[in-house]
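Undergrad: Sequence first, then the predicted structure, then my questions.
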Amino acid sequence: MSTTNPQSEATTPEATTPEATTPEATTPEGPARRARARRRSKHRRRLANVAGLMTALVLTGALYSVFAPAQAADDTTESAAEAAGRELYERSCITCHGENLEGVPNRGPSLIGVGEAAVYFQVHTGRMPLVRQEAQAPDKPAVFSDEEIDQLMAYVQANGGGPTLPSGDLRDGDLAEGGELFRLNCASCHNFVGEGGALSSGKHAPSLDDSTDLEIYTALLSGPENMPVFGDNQLTPDEKRSIINYVQTVNTQADPGGAGIGRIGPVGEGLVIWVVGIGALLFGIFWMGSKA
Amino acid sequence: MARTATAPGAPTTKLGKAALEVDDRMIVAPWLRRTMNKVYPDHWSFLLGEIALYSFLILLLSGTYLTFFFDASMREVVYEGSYAPLRGVEMSAAYDSALNLSFDVRGGLFMRQLHHWAALLFVASIVVHLLRIFFTGAFRRPRETNWLLGVVMLVLALLMGVTGYTLPDDLLSGTGLRIISAILLSIPVIGTWAHFAVFNGDFVGEQIIGRFYIAHVLIIPAILLALIALHLLILVKQKHTQFPGAGRTEHNVVGNRLFPTFAAKATGLIFVVFGVCAALGGLVQINPIWLWGPYNPAQVSAASQPDWYIGFLDGSTRIFPPWDIELPGDYNIPALFWPTVVVAGLMFTVLALYPMIERRMTGDTASHHLLQRPRDVPVRTALGAMGLTFYVWLMVAGGNDVIADKFDISLNAMTWVGRIGVIILPPIAYALTYRICLGLQQHDREVLEHGIETGVIRRLPSGEFIEVHQPLGPVDEHGHGQLAYGGAPVPKRMNHVGGARRAVRGFFSPVEEPTQVEIEQRAEGRGLATGESSRELTTSGRPSEGGRPSEGGRPQEPRD
């Protein structure tokens, strides 16, 4: 198309300029007639050219209309949810994850094969979309509604597959076994009771205090940020449910010994003894010292 | 036995007669009289050591209760107690009994928490007491022995803490035990043998809890108790030091007798210390071992820290570079050796020998019973501030992962902050403290020379404004004070020299009595006092308004 346009534009000025020169060409009979005949054949040629062009255009259009519906027929296999998900993806994710979920170097990883589990975790905890590139995506209030998250999950799942969301009661597991598995697999980063901890270079393992069952499960499946993937051959679905049961039980359990002071162990306790204990006693002996 | 009732001064009451019977047999009266008349200085800072003594008392009592239920054995059992998340888990009998102590023994959790808080307080109060002794120069001849005993007791208190921390055999204490084992192994030449001697084999073996238990409940407390007794005996023999002041010399002690004033104060303090520990033990959770889980060498948790008093060693280990020294023949000295064995060894050696070091440096070998104000010995004070900064900085570095996590700082940055800070902060602390001491000294001398600023501004006939100063003593012809600095606090405000009304000691703050003049004026319904019943600071009314200046704090004529 782009190649034919300049040609057609170029023909029009050529066709009009000889018309403007006709009055000055009223010279002797012979040459004038010949010239007239030449001009007429010229006109005819030009008309043929334009007709050809029009035919080509119509043909191209017709061809396009023949092939275009074929493509549209392909698209009809995409469900409404996936289409909506694609819409959301192209608006909010495409910059870092690429046109075809293939990822962009130094910006975002490929999403092919991460599955809906990863999408659920990242978007539901508000980690994605990212505010800026930094050591680690912080969790924040979710940007997308649950319905939009479902659409994104459908889109990503349809393009590459991957781990899917679990179903049923996610706390359906053995409490004590969950504790053992948690201490073995999770505590080294998330602390004994899931209070979180520091990792290298500004990264950190988040606290599990506010995590939902499904967030923990999908995090295990997808291994977000620095976390390793705990696939179903590392921790069976039952073991995952045990861990979630343990985490949530301990989270909601009251502290029998009084104020929990963050459950972070000796650092908080040291602070309390110096500020509260020694503080109160110094006040006490100041007061006693001021009495006769 | 002859009847003594008619003898002069003989007791007539029942109690007195009973006491006489006892004294007849035991002959305790002379000793008792001397003891009850012993004089204690009344400065508040002399009570710091007593906080340590009373928290040790709490430790003995609560610890004894805990021994009734604790089973110091590494035998493997399956937990069947009332804490659901651990039911069915394999663990050592020690951890099992510690859990039962927490959940199934009446008052057990309270006692455990009381014991742990009292332990933290014990070491903390020893440190504060030590700082008081250090900064006031109370360790100088003849008290070097007691200083040395104090440092030894501090080290023993740390060992008490470490062994006690290990006993419950939870995941946190087991991690600590693994580090103790690594520190032992890092000692060149004897490391392996030392480790085998302590653990009776490789880590973790089956003996260590039982061995630490005996050390924790018998050996160390017995030594500690003996040293405390010795510490106090030496104190009684050498008598207390005291701050310089009116009537205080190198040859007397000014204060309250043991009976009744000091005994009342000490009893009060016992209750205050018990109260604080009990409040913490009942209200604030400490070392929730059920959350940590049983020890398993394959497991470790983020933010595994020692109790605060070992934090400085954790910190030094965290910031020390990984410098292993490789020796020919498959030997090496691990980097861990330097920040633990060497740093701790050096710190406590310097601390223990400080009195000798200072004696060598200053050449001062005289006996001292009067204390020094920290500002008067700027070098010692600055050295102390430097050492304290070093120690506190290491302690902060020991919690660097928690700080990094809570304040969203990179852990790597925290490590470098620790490394750089530990080198540059102590000298800065030295320089700052030194300057502050000199500044305070100068201000004391300035007040002695020119008097207290009264806040009264006068305008001279020439138009010049001057502030009226109150000299502290006789002045020379230029108006300069003649008093020399005596090492005692110099009054800096008019209140300190009687500028305020006479005060009766109130419960929290002094209650001031109105002066005779004010009472008279109020009765007659005239003068300043009638309009100013709530006035607080001074009784000296302005003469122009009919008030009369009181005796104390009358502004002097301006000087040149």
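TA: Looks like it came in fine. Numbering: from 1, shown residues only, chains lettered A, B, ... in the order given.
Undergrad: ok, now which ones touch the residue most central in space within chain A?
TA: For chain A, residue A:93 is the residue whose C-alpha lies nearest the centre (C-alpha atoms, centre = their mean; 3.8 Å). Residues in contact with residue A:93 (C-beta atoms under 8 Å, 6 or more residues apart in numbering or on different chains) are A:108, A:111, A:128, A:129, A:152. No exception for glycine: its C-beta is placed from N, CA and C like everyone else's.
Undergrad: And for residue B:84?
TA: Contacts of residue B:84 (C-beta under 8 Å, 6+ apart): A:175, A:176, A:249.
Undergrad: so the spatially most central residue of chain B, which of the three states?
TA: Residue closest to the mean C-alpha point of chain B, counted by C-alpha atoms, centre = their mean, is residue B:128 at 2.0 Å. What DSSP: H, G, I helix; E, B strand; the rest coil gives for residue B:128 is helix.
Undergrad: so what's the residue nearest to the centre of chain A scoring on pLDDT?
TA: With respect to pLDDT, residue A:93 has a value of 92.
Undergrad: ditto for residue B:516
TA: The predicted local confidence for residue B:516 is 71.
Undergrad: For chain B, what's the nearest residue on the stretch 101-250 of chain A?
TA: Relative to chain B, the nearest point of the stretch 101-250 of chain A is residue A:197 (2.8 Å; C-beta to the nearest C-beta).
Undergrad: what's the helix or strand for the nearest residue to that residue once chain neighbours are set aside?
TA: Excluding the flanking residues, the one nearest residue A:197 by C-beta to C-beta, 6 or more residues apart in numbering or on different chains is residue B:302, at 2.8 Å. Here residue B:302, judged by DSSP states H and E, is contained in no helix and no strand.
Undergrad: Torsion angles phi and psi at residue B:302?
TA: phi -60, psi 150 (degrees, to the nearest 10).
Undergrad: Now that it has come up, it's in contact with residue A:187, right?
TA: Yes: judged on C-beta atoms under 8 Å, residue B:302 makes contact with residue A:187 at a distance of 7.0 Å.
Undergrad: any idea how chain B splits into domains?
TA: B:11-40, B:43-243+B:254-372, B:381-497 (automatic domain parsing).
Undergrad: Give me the distance between the two termini of the second one.
TA: Meaning domain B:43-243+B:254-372. Using C-alpha to C-alpha, to the nearest Å, one end of domain B:43-243+B:254-372 lies 14 Å from the other.
Undergrad: Tell me if residue B:305 really is in a strand.
TA: No: judged by three-state DSSP, residue B:305 forms no part of a strand; its state is coil.
Undergrad: Quick check: it vs residue A:192, distance?
TA: 12 Å (C-beta to C-beta, to the nearest Å).
Undergrad: ok, the two, which is more surrounded?
TA: Per other C-beta atoms under 10 Å in any protein chain shown, whichever of residue B:305 and residue A:192 has more neighbours is residue A:192, with 28 against 23.
Undergrad: residues making contact with stretch B:62-75?
TA: B:92-94, B:96-98, B:100-101, B:105, B:107-108, B:111-112, B:114-115, B:118, B:167, B:169, B:204-210, B:212-213, B:217, B:221.
Undergrad: Drop anything exposed from the residues you listed.
TA: B:92-94, B:96-98, B:100-101, B:105, B:108, B:111-112, B:114-115, B:118, B:167, B:169, B:204, B:208-210, B:212-213, B:217, B:221 (16 or more other C-beta atoms under 10 Å in any protein chain shown).
Undergrad: ok, now which ones touch the residue nearest to residue A:197?
TA: Residue B:302 neighbours (C-beta under 8 Å, 6+ apart): A:187, A:188, A:189, A:190, A:191, A:196, A:197, A:198, A:205, B:401.
Undergrad: ok, now with 10 Å
TA: Residue B:302 makes contact with A:186-192, A:194-199, A:204-205, A:264, B:401-402, B:405 under the criterion C-beta atoms under 10 Å, 6 or more residues apart in numbering or on different chains.
Undergrad: Kindly report the same for residue A:91.
TA: Residue A:91 makes contact with residue A:129 under the criterion C-beta under 10 Å, 6+ apart.
Undergrad: what about the closest residue to chain A within the stretch 51-200 of chain B, how many neighbours?
TA: In the stretch 51-200 of chain B, no residue comes nearer to chain A than residue B:120, which is 4.0 Å away by C-beta to the nearest C-beta. Close neighbours of residue B:120, defined as other C-beta under 10 Å, add up to 25.
Undergrad: Which strand or helix spans it?
TA: helix B:108-135.
Undergrad: now the helix or strand following that helix and helix B:108-135, what's the angle there?
TA: Counting by DSSP H and E, the next helix or strand C-terminal to helix B:108-135 is helix B:144-166. Angle of helix B:144-166 versus helix B:108-135, following axes from the mean of the first three to the mean of the last three C-alpha atoms, to 10 degrees, is 150 degrees.
Undergrad: Packing partners of the helix or strand just after helix B:144-166?
TA: Downstream of helix B:144-166, the first helix or strand assigned by DSSP H and E is helix B:171-186. Helices and strands touching helix B:171-186, by 3 or more C-beta pairs under 10 Å, 6 or more residues apart in numbering or on different chains; DSSP states H and E, are helix B:93-103, helix B:144-166, helix B:191-199, helix B:208-214, helix B:289-292, helix B:311-319, helix B:337.
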